[in-house]
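Student: Quick one: sequence plus predicted model below, questions after.
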Protein chains: 2
Amino acid sequence: MRDELARGRPRDPGIDARALASAREILAEGGFAATTVQAVARRAGVGASAIYRRWPSRVALVESAVFPGPDALNLTHTGDIDADVRRLVAAYCGLFDSPAARAAIPGLFAAYQSQPDRHRVVVDRVGEGVRPAFRAMLAAAAPGSVEPGLDPDTVLDVLIGAALYRSFVHPFTGRDNPPDRIAEFLLRALRP
Amino acid sequence: MRDELARGRPRDPGIDARALASAREILAEGGFAATTVQAVARRAGVGASAIYRRWPSRVALVESAVFPGPDALNLTHTGDIDADVRRLVAAYCGLFDSPAARAAIPGLFAAYQSQPDRHRVVVDRVGEGVRPAFRAMLAAAAPGSVEPGLDPDTVLDVLIGAALYRSFVHPFTGRDNPPDRIAEFLLRALRP
């Protein structure tokens, strides 16, 4: 018993989910500036130390809350490249266009000016970590449905950029800009 | 003479250029936080009031310094859609990837969380204001070189997004990512 206390209580996985959900709520309501470790801890009903045991900083917490990593993009491949690309574009648009992400992205990028190593973390989580699954998606496409000479990295960069820019501008333009329209344009370029 | 003094000195266009160049230098050297109206005035050798007569705020000054508007993108069209798209992609990559813009963008977007009207200004300057010239570029393409059913707004959104995302990630990936590779991918989608 004494040993167990010394090692600390067993980690409660429910706290992770509560903290991340609380961070997303506070981002959407009050923006990046309001999303402090203290505010997230209070909303999640835990102590600040429980947050710091899981994330070393507010920036790391916000990154986990809005960019959970490749798994959240649902990167399955079915061999139907049209369906796979549509699903991936929609997933990235959903990622960047959530109220929490829209509030977090400017604050994160401002923080990265003095923390380039954290910038690298989010670049890996949003883009680089997705490349193996994206290459597999292209490789699994039905024969003759994708131009074999294309550079998969360029394709994925263009896809992510289109989704990111859409989230920056579409609240201001009044133009309808459904994710499927982006996907259809990219699919034209993918065809042999 | 008295009247002229009362109306103030004639506006010196050299001050505009000096202030914008000074702002770009300070952005590149010290980031957005260092780029105050006072610091720009000092570097440009003018009083802060000369800056405020031209730009109502630091945010407006930084916007003018890094996003000078459609004219800076050199939006000519030659009828050769390949050359025109390559030039436009290179212009956007140059715009977003300059040291001043890389330093300014996070600070601007953080400021826009409390100033959505300024966000609209930059969306107009970077994207919406370019649409008429981009439509003219597509319309001027040699017959049979561009798919007529494409939505020009989607094409431009994807093009701008690809250039923007490239500027965020390419310092971290170590991948070679020349603007021409983006242009070639987009041109595949443009062909009938």
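Tutor: Right, received. Where do you want to start? Keep in mind that this is a model prediction, so the values were computed, not measured.
Student: quick one, what contacts A:Ala183?
Tutor: In this structure, A:Ala183 makes contact with A:Asp82, A:Val85, A:Arg86, A:Leu88, A:Val89, A:Ala90, judged by CB atoms under 8 Å, 6 or more residues apart in numbering or on different chains. The way it works is simple: take the backbone N, C-alpha and C, and place the C-beta from them, glycine included.
Student: Check which residues of whatever helix or strand A:Gln38 lives in are buried.
Tutor: Here A:Gln38 sits within helix A:37-44, counting by DSSP states H and E. Across helix A:37-44, burial judged by 16 or more other CB atoms under 10 Å in any protein chain shown covers A:Val37, A:Ala39, A:Val40, A:Ala41, A:Arg43, A:Ala44.
Student: SS state for A:Pro56?
Tutor: coil (DSSP: H, G, I helix; E, B strand; the rest coil).
Student: avg pLDDT for the helix or strand containing A:Leu159?
Tutor: For A:Leu159, the enclosing helix or strand under DSSP H and E is helix A:152-173. Averaging pLDDT along helix A:152-173 gives 89.
Student: elements contacting the helix holding A:Gln38?
Tutor: With contacts taken as 3 or more CB pairs under 8 Å, 6 or more residues apart in numbering or on different chains; DSSP states H and E, helix A:37-44 sits against helix A:13-34, helix A:48-54, helix A:58-66.
Student: need the contact list for the spatially most central residue of chain A.
Tutor: The residue lying closest to the centre of chain A (CA atoms, centre = their mean) is A:Phe67, at 2.9 Å. Applying CB under 8 Å, 6+ apart, we find A:Phe67 in contact with A:Leu95, A:Ala101, A:Val122, A:Arg125, A:Val126.
Student: Max pairwise distance over those: which two?
Tutor: A:Ala101 and A:Arg125 (12.3 Å; CB to CB).
Student: Please identify which of the two sits among more neighbours.
Tutor: A:Ala101 (21 against 18; other CB atoms under 10 Å in any protein chain shown).
Student: and that one, what element?
Tutor: Per DSSP H and E, A:Ala101 falls inside helix A:99-112.
Student: Just the angle for that helix relative to helix B:152-173, thanks.
Tutor: Calculated by axes from the mean of the first three to the mean of the last three CA atoms, to 10 degrees, helix A:99-112 forms an angle of 40 degrees with helix B:152-173.
Student: Whichever helix or strand comes after helix A:99-112 packs against which elements?
Tutor: Per DSSP H and E, the first helix or strand lying C-terminal to helix A:99-112 is helix A:116-126. Counting contacts by 3+ CB pairs under 8 Å, 6+ apart, helix A:116-126 packs against helix A:58-66, helix A:99-112, helix B:152-173.
Student: rerun at 10 Å
Tutor: Contact here means 3 or more CB pairs under 10 Å, 6 or more residues apart in numbering or on different chains; DSSP states H and E; on that basis helix A:116-126 packs against helix A:58-66, helix A:81-97, helix A:99-112, helix B:152-173.
Student: Show me the domain layout of chain A.
Tutor: A:1-66, A:67-192 (automatic domain parsing).
Student: just the ones you listed: most buried one?
Tutor: Across the domains of chain A, the average number of neighbours (mean count of other CB atoms under 10 Å in any protein chain shown) peaks for domain A:67-192, which reaches a mean of 18.
Student: quick one: secondary structure of A:Ala142?
Tutor: Recorded secondary structure, A:Ala142: coil (three-state DSSP).
Student: ok, it - contacts?
Tutor: Contact analysis of A:Ala142 by CB atoms under 10 Å, 6 or more residues apart in numbering or on different chains lists A:Thr78, A:Gly79, A:Asp80, A:Ile81, A:Asp82.
Student: and what of A:Asp180?
Tutor: Counting by CB under 10 Å, 6+ apart, A:Asp180 touches A:Val85, A:Arg86, A:Val89, A:Ala90, A:Cys93, A:Leu187.
Student: Which strand or helix spans A:Leu150?
Tutor: Under the criterion of DSSP H and E, A:Leu150 resides outside all helices and strands.
Student: returning to what we had before: spit out the residues that contact A:Ala101 and A:Arg125 alike.
Tutor: Contacts common to A:Ala101 and A:Arg125, judged by CB under 10 Å, 6+ apart, are A:Val66, A:Phe67.
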